[in-house]
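K.L.:
sequence unknown, structure follows:
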């Protein structure tokens, strides 16, 4: 990133620092861009508008990386969950769905009733949804 520009500054109103003024001016004249310095804020706004978490901006030695996340799970939400629920979310992200039986295998020393309460709590928090019918019930991410 240009000198003086940080990832935190990208998330606020900031001055745009063009690397190539000729290319920037050409894009502006052909209306490919509306103005300089608003793209990152519009990206964040649109993600939140569609119920997605704020994207992750990262800078490496040679690259700028923007990561869009599919799920609403953020670090702040994970902190509000108990250890069993975090295990369920990790399992769901990896396997796309989880059954009561699979959840019981993840947490073998916990009663079935407690695990059902955990899943209901995740549904109430709108992090997962229940699908299927009796005998074939499973849970997946919202």
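P.N.:
Cool, got the structure. Because the structure is predicted, anything quoted here is derived from the model rather than measured.

K.L.:
Three-state assignment for residue 69, please.
P.N.:
coil (DSSP: H, G, I helix; E, B strand; the rest coil).

K.L.:
Identify the spatial nearest neighbour of it, chain neighbours not counted.
P.N.:
Ranked by Cβ to Cβ, 6 or more residues apart in numbering and with sequence neighbours excluded, the top spatial neighbour of residue 69 is residue 53, at 4.9 Å. Heads up, the C-betas are built off the backbone N, CA and C, glycines and all.

K.L.:
was I right about the one you found contacting residue 74?
P.N.:
Yes. Assessed by Cβ atoms under 8 Å, residue 53 is found in contact with residue 74 at 5.0 Å.

K.L.:
And the two? Which one has more around it.
P.N.:
Neighbours per residue, other Cβ atoms under 10 Å: of residue 53 and residue 74, the larger number sits with residue 53, 18 against 12.

K.L.:
Residue 102 versus the residue positioned nearest the centre of the chain, what's the distance?
P.N.:
Centrality entry for the chain: nearest residue to the mean C-alpha point is residue 69, 3.5 Å, by Cα atoms, centre = their mean. Using Cβ to Cβ, to the nearest Å, one obtains 24 Å as the distance from residue 69 to residue 102.

K.L.:
Would you list the phi and psi of residue 131?
P.N.:
Backbone dihedrals for residue 131, given as degrees, to the nearest 10, come out at phi -130, psi 170.

K.L.:
list the contacts for it?
P.N.:
Taking Cβ atoms under 8 Å, 6 or more residues apart in numbering as the definition of contact, the neighbours of residue 131 are 97, 137, 138, 139, 140.
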